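> Need a 3D model of the following:
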Amino acid sequence: MYGVTIAVEQLRKRYGDAPPALDGFDLDVPAGTVHALLGPNGAGKTTAVRILATLLRPDGGTARVAGHDVLREAKAVRRRIGLVGQHPALDEALSGRQNLDMFARLHHLGAKAAAARADELLERFDLADTGGRPVKKYSGGMRRRLDLAASLILAPAVLFLDEPTTGLDPRSRRAMWQIVRELVADGVTILLTTQYLEEADQLADRIGVLDAGRLVAEGTSAELKRLVPGGSVRLQFSDSGPLESAARALGLPVADAGALALDVPGDGSVAQLKGLLARLDDAAVEVAGLTVHTPDLDDVFLALTGRPTTDEKVPTP
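Numbers count the residues shown, from 1 in each chain. Reported below is the predicted structural model:
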C-alpha cells in the first residue's frame, strides 16, 4: 500500500476582493503516482501548486508534502521537491550546462559535484550534444527538458509540473510524457496541472477536477468517465436487411441507414454487451462488428464545470 506524499485539508486562499482561488480544497496523493489537476480558468490549480511548493502562504487549512508541513517546515519541504512552472526558469544567455551548474551551485553543491550533476542530467535528457549552446538557441521542447532537468538537481521525492507541455508540438509533448513515466518508475511522486485532457488521460493514476477553488470530482480516468451519461454501442451490419431486423428486435430507430450502423445507448459494460448480443442472436441477426463509445474527459470536464478547460492566469499577490 502506498503512503500519502501530499496531504491537503481545507486549503483556502483569496486574492484581495476576488472570489476565493481555493475554497476548502482537499487532496491526497499516494507516493510514486501521478495525480493530475484539471480546471477551468481561475479554478485554483496554479494557486494550489504554489502553496504546496512553499511559494505562497494559504489563508487557512493545512498541507503536508513529503511528511513536512508547508508552513512550519518550509525549508524541509523545499529540500524534497522540484518545480517546473508554466514558463522556463532559465537564463537564455547561458548555455544549458551553465544553467544546470548555476542551479546546482544555488543548491549548495560544490564545483565538482555541480559539474558532475549537470553532465549527468544533460545526458539523461538527451541534451549532452547541445549543452554548450546558449539556451536562446534551444527549441521549445529542449527548453522544457532543460527546465525539468534543473528541477531534478537534488533528486526530489515530489515533483510539481504546472502545465509543463503548454506550447509544445505533439512530438515534444510525447517526449515529455515519456520522461514523466520514467520519473514515476524511479519512485518520484508527481502533481501535474494541465490544460490537455489527453495528457491527464495518458499520465495520471488519478485525476482531480477543480472548479471555483474546490475539488468537484476525483478518480481514475475510467471512474470519471462513468460519471457522465451518453455512452453507446455502435453495431455495424453488412447490408440493410440485418440492420432493419436489429432495429426491430431492439426497438430502436435507424438514424443513418446509409452507414449500415445502429447506435444502442448504454455504458458498453460486459454485461450490456452480452445481453445485447444474446437478443440479436435470438432474433437471428448477424452483426458484422461493434465498437463501444464512452464519454471522454472533455465530456466529463464540461459536465462538471460547465465550461472548457483553459490555462490559468493567477493574480500576483
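> Setting the sequence-adjacent residues aside, check what's closest to Glu286.
Pro242 (5.7 Å; CB to CB, 6 or more residues apart in numbering). The C-beta positions use only the backbone N, C-alpha and C, and glycine is treated the same way.
> swap in Glu244?
Val254 (6.8 Å).
> and the one you found, what is it in contact with?
Leu243, Glu244, Ala247, Leu262 (CB atoms under 8 Å, 6 or more residues apart in numbering).
> Could you list which of those belong to strands?
Leu262 (DSSP state E).
> In PyMOL, how would I select just the buried ones from the contacts of Val254?
With 16 or more other CB atoms under 10 Å as the criterion, this PyMOL line picks the buried residues out of the contacts of Val254:
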select buried, resi 243+247+262
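> Let me see the mean pLDDT of the helix or strand hosting Leu159.
Using DSSP states H and E, Leu159 sits in strand 158-162. In this model, strand 158-162 has a mean pLDDT of 95.
> Quick one: the strands in the protein, in order.
Listed in chain order, the strands of the chain (DSSP E) span residues 4-13, 22-30, 34-38, 60-65, 68-69, 81-84, 158-162, 189-193, 206-211, 214-219, 232-236, 261-265, 289-293.
> how near is Gln272 to Val287?
14 Å (CB to CB, to the nearest Å).
> likewise Ala200?
Counting by CB to CB, the gap from Ala200 to Val287 is 34 Å.
> that older thread, which residues touch the residue nearest to Glu286?
Val285, Glu286, Val287, Ala288.
> and the third one, what does it touch?
This means Val287. Contact partners of Val287, counting by CB under 8 Å, 6+ apart, are Leu235, Gln236, Phe237, Pro242, Ala246, Leu277, Leu280.
> and Thr62, how many neighbours does it have?
Thr62 sits with 14 neighbouring residues when counted by other CB atoms under 10 Å.
> residue ranges with poor pLDDT in the chain?
The model of the chain has pLDDT under 70 over residues 1-2, 307-317.
> Check it for its longest helix and report it.
helix 170-185 (DSSP state H).
> Just the buried positions in that one, please.
Within helix 170-185, judged by 16+ other CB under 10 Å, the buried ones are Ser172, Arg173, Ala175, Met176, Trp177, Ile179, Val180, Leu183, Val184.
> same deal with stretch 291-308?
By 16+ other CB under 10 Å, the buried positions in stretch 291-308 come out as Thr294, Pro295, Leu297, Asp299, Val300, Phe301, Ala303, Leu304, Thr305.
> cool, and stretch 126-135?
Applying 16+ other CB under 10 Å to stretch 126-135 flags Leu127, Thr130, Gly131, Val135 as buried.
> ok, the third one - contacts?
In other words, Gly131. Contacts of Gly131 by CB under 8 Å, 6+ apart are Ser95, Gly96, Arg97, Ala118, Asp119, Leu122.
> same deal with the first one?
When contacts are counted by CB under 8 Å, 6+ apart, Leu127 is found next to Gly96, Leu121, Met142, Arg145, Leu146, Ala149.
> Isn't the first one up against Lys136?
No - the pair formed by Gly96 and Lys136 falls short of the contact definition of CB atoms under 8 Å, at 10.9 Å.
> what's the spacing between stretch 231-238 and its chain's center?
31 Å (CA atoms, centre = their mean, to the nearest Å).
> Just the C-alphas of it, formatted as PDB.
Listed in PDB are the C-alpha atoms of stretch 231-238, where the atom choice follows Å, rounded to 0.1, in the frame of the first residue of the first chain:
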ATOM      1  CA  GLY A 231     -22.200   6.100 -23.900                       C
ATOM      2  CA  SER A 232     -23.300   3.900 -26.700                       C
ATOM      3  CA  VAL A 233     -22.500   0.700 -28.600                       C
ATOM      4  CA  ARG A 234     -22.400   1.000 -32.400                       C
ATOM      5  CA  LEU A 235     -23.400  -2.100 -34.200                       C
ATOM      6  CA  GLN A 236     -22.200  -2.500 -37.800                       C
ATOM      7  CA  PHE A 237     -24.100  -4.600 -40.400                       C
ATOM      8  CA  SER A 238     -23.200  -6.000 -43.800                       C
END
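> burial count for the residue nearest to Phe25 when sequence neighbours are not counted?
Nearest residue to Phe25, sequence neighbours excluded (CB to CB, 6+ apart): Leu11, at 4.2 Å. Using other CB under 10 Å, Leu11 has 25 other residues around it.
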